[in-house]
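Novice: Structural data only, the sequence is not supplied:
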């Protein structure tokens, strides 16, 4: 089942890229890789222990003239897709750690404000289907949605490269398709490297 979810993630990512570039005037805006760490929103994150995702994300973003509704060249508006494979460390209350996985894809919207030629800031929202296999009485394993909102900074480097730092809040639940469905909430910090076009 987990292998099927990874294959589905890759397929959806390729499909999204193909559809985006088939449209006139859509423009590739950025590509990046992000890694990061998440921790439970409170000390009672899960009854079994604290849920720590280790993020391995790839992001591809596009823009379109109709998205840029401001006349200022200091802002860009991006639509992105973000396939990911995440290792999960469940820190149990007895001090032991167990290892599990997540895989999925998020789709999001991100306005970016360019403060200087060296620094840009942004906020974003995203959501998408995921699969996770961590056993807990709080949340049914399997298909789930990942809902995210966050903010961050781009530190621009020569030749359109940049370093990305990000903080996000994430909620995972399955929209009551199975029970239990109390959700898993984490606070997350990520850092990455990318290129703009």
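Specialist: Cool, got the structure. Bear in mind the structure is a predicted one, so any value in this text is a computation, not a measurement. Residues are numbered from 1 along each chain as shown.
Novice: Show me what secondary structure element comes after the worst-scoring helix or strand of the chain on mean pLDDT.
Specialist: Scoring the helices and strands of the chain by mean pLDDT, DSSP states H and E places helix 2-22 at the bottom, with a mean of 50. Next along the chain after helix 2-22, taking DSSP states H and E as the criterion, comes strand 27-40.
Novice: What average pLDDT does the next helix or strand after that following strand get?
Specialist: Under the assignment DSSP H and E, the closest C-terminal helix or strand after strand 27-40 is strand 49-63. Averaged over strand 49-63, pLDDT sits at 95.
Novice: Let me know the angle separating the following helix or strand past strand 49-63 from strand 49-63.
Specialist: Per DSSP H and E, the first helix or strand lying C-terminal to strand 49-63 is strand 75-92. Per axes from the mean of the first three to the mean of the last three Cα atoms, to 10 degrees, the angle that strand 75-92 makes with strand 49-63 is 160 degrees.
Novice: neighbouring strands for the helix or strand following strand 75-92, and are they parallel or not?
Specialist: Where DSSP H and E defines the elements, the next helix or strand beyond strand 75-92 is strand 97-114. With DSSP bridges as the test, strand 97-114 is paired with strand 75-92 (antiparallel), strand 119-132 (antiparallel).
Novice: Would you reformat these as JSON lines and include mean neighbour count and mean pLDDT?
Specialist: C-beta: built from backbone N, CA, C; applies to glycine. Output for these, formatted as JSON lines (neighbours: other Cβ atoms under 10 Å; pLDDT from 0 to 100):
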{"stretch": "strand 75-92", "mean neighbour count": "19", "mean pLDDT": "95"}
{"stretch": "strand 119-132", "mean neighbour count": "18", "mean pLDDT": "97"}
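Novice: Dump those to JSON lines, plus distance to residue 104.
Specialist: Output for the strands paired with strand 97-114, formatted as JSON lines (distance: least, Cβ to Cβ, whole Å):
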{"stretch": "strand 75-92", "distance to residue 104": "6"}
{"stretch": "strand 119-132", "distance to residue 104": "3"}
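Novice: With respect to residue 143, which of the ones you listed lies nearest?
Specialist: strand 119-132 (6.1 Å; Cβ to Cβ).
Novice: And for the chain, the residue most distant from the center?
Specialist: In the chain, counting by Cα atoms, centre = their mean, residue 94 sits farthest out from the average C-alpha position, at 30.3 Å.
Novice: any idea how far residue 135 is from that residue?
Specialist: 15 Å (Cβ to Cβ, to the nearest Å).
Novice: now swap in residue 194 and tell me
Specialist: Between residue 194 and residue 135 the computed distance is 35 Å (Cβ to Cβ).
Novice: Comparing the two, which shows the higher neighbour count?
Specialist: Taking neighbours as other Cβ atoms under 10 Å, residue 194 and residue 135 compare with residue 194 leading, 20 against 12.
Novice: That's all I had, so thanks and see you.
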